[in-house]
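>>> sequence and computational prediction follow.
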Amino acid sequence: MDPHLLRTYVTVARLASFSAAARELGYTQSAVSQHIAALEQDLGVPLLGRRPVAPTPAGERLLEHAGGLLLRLDAARADVVRMAGAPEQGLTLAATPTALRRATLELLPAAGVTLLVLPREKVPAVVATGTADLGLVDGLAAPTDPLRLPDVAPLTARGAGEEPVSVLLPAGHPLAGRAGLRLGDLVDARWLDAPGTALPLAQLRAANGTGGFRPALRYDGTDLRTLTDLAAAGHGLALLPGSAAQDAPGTVAVPLTDPPLVHRTELLHGAAPQGPARALAERLARGAQG
């Protein structure tokens, strides 16, 4: 399967338009039509209906594979280029908001750094494709257990720190005076669904081995202050690393005592990092051991 044809198909399906795809890709509309026809001929099935432009059932199935296939190709190219080329003087670090503890920020070089703050699911992809030299991802885990990361490319993951987790409640919440909270007692509470900032609700369900944890409000941003303001205003609870939950105005952070879970941060990289990326990786590794 020609990856150029596959990229054209994904673009047409996303935009639902041959002409719009042609403009985005820099092709003529005729060339886009030829790409789609060639891919359909190669696979032996129609992939797109024309009026309206929409994937057929076979086309929908191909889309399920296409993202991972194209990401793997981009990751392979980036990995080989990274190994063959001279190290860059700058450093691009991709991280989730709650992976950026103050101790981590103090380890960054004084100049030449680009910091990308992204939702969790995007960090491995930007590292794999070379958009970022290093990545910091985080999540819930049992103490010393590694995170479960998407298999987007042959990335190396190293532990970069663990800390307790806390439930963030509005100051007037009935549970705000507790010394500790059990996750099982919070199944029916109202929660903030904030996958880009708070620890994801899916991880809470998995940790508790049950359903529940219904979202009262969804927040799709990556600004931690906005999340804590939403909690303070009573829109729902959030689970955060202990350091991120402290001292948020109008809220109380109560430690999660059961089950025994930690907020774990891991450093991601592709081929052996060089230059500033290598230096930062080594500093983070020493910090995690300390």
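Cool, got the structure.
>>> now the element after the helix or strand where Leu71 lies, going C-ward?
Using DSSP states H and E, Leu71 maps to helix 57-84. Counting by DSSP H and E, the element after helix 57-84 in chain order, helix or strand, is strand 91-95.
>>> for the most far-flung residue of the chain relative to its centre, grab phi and psi.
Centroid-distance maximum for the chain: Ser30 at 36.9 Å, with CA atoms, centre = their mean. For Ser30, the backbone dihedrals (degrees, to the nearest 10) come out as phi -60, psi -40.
>>> quick revisit: other SSEs contacting the helix holding Leu71?
helix 3-15, helix 123-128 (3 or more CB pairs under 8 Å, 6 or more residues apart in numbering; DSSP states H and E). All C-beta spots, glycine's among them, are computed from the backbone N, C-alpha and C.
>>> after the longest one, which helix or strand is next?
Okay, so that is helix 3-15. helix 18-25.
>>> contacts for that next one, please.
Helix 18-25 has contacts (CB atoms under 8 Å, 6 or more residues apart in numbering) with 7-8, 11-12, 15, 27-29, 31-33, 36, 53.
>>> between the residues you listed, which is nearest Val252?
Leu15 (46.9 Å; CB to CB).
>>> and the closest one, how far from Glu24?
7 Å (CB to CB, to the nearest Å).
>>> in this protein, where is pLDDT below threshold?
Flagging of the chain using pLDDT under 70 yields the residue ranges 81-89, 289-290.
>>> ok, Asp2 touching Leu39?
Yes: here Asp2 reaches Leu39: they are 7.3 Å apart, a contact under CB atoms under 8 Å.
>>> which one's more surrounded, those two?
Ranked by neighbour count (other CB atoms under 10 Å), Asp2 and Leu39 place Leu39 first, with 21 against 11.
>>> that one against Leu5, yeah?
Yes: the criterion here is CB under 8 Å, and Leu39 meets it with Leu5 at 4.2 Å.
>>> got the contact list for Ala232?
Residues in contact with Ala232 (CB under 8 Å, 6+ apart) are Pro170, Ala171, Ala248, Pro249, Gly250, Thr251.
>>> now the helices: where do they sit in the chain?
3-15, 18-25, 29-43, 57-84, 102-105, 123-128, 201-208, 224-232, 242-245, 275-289 (DSSP state H).
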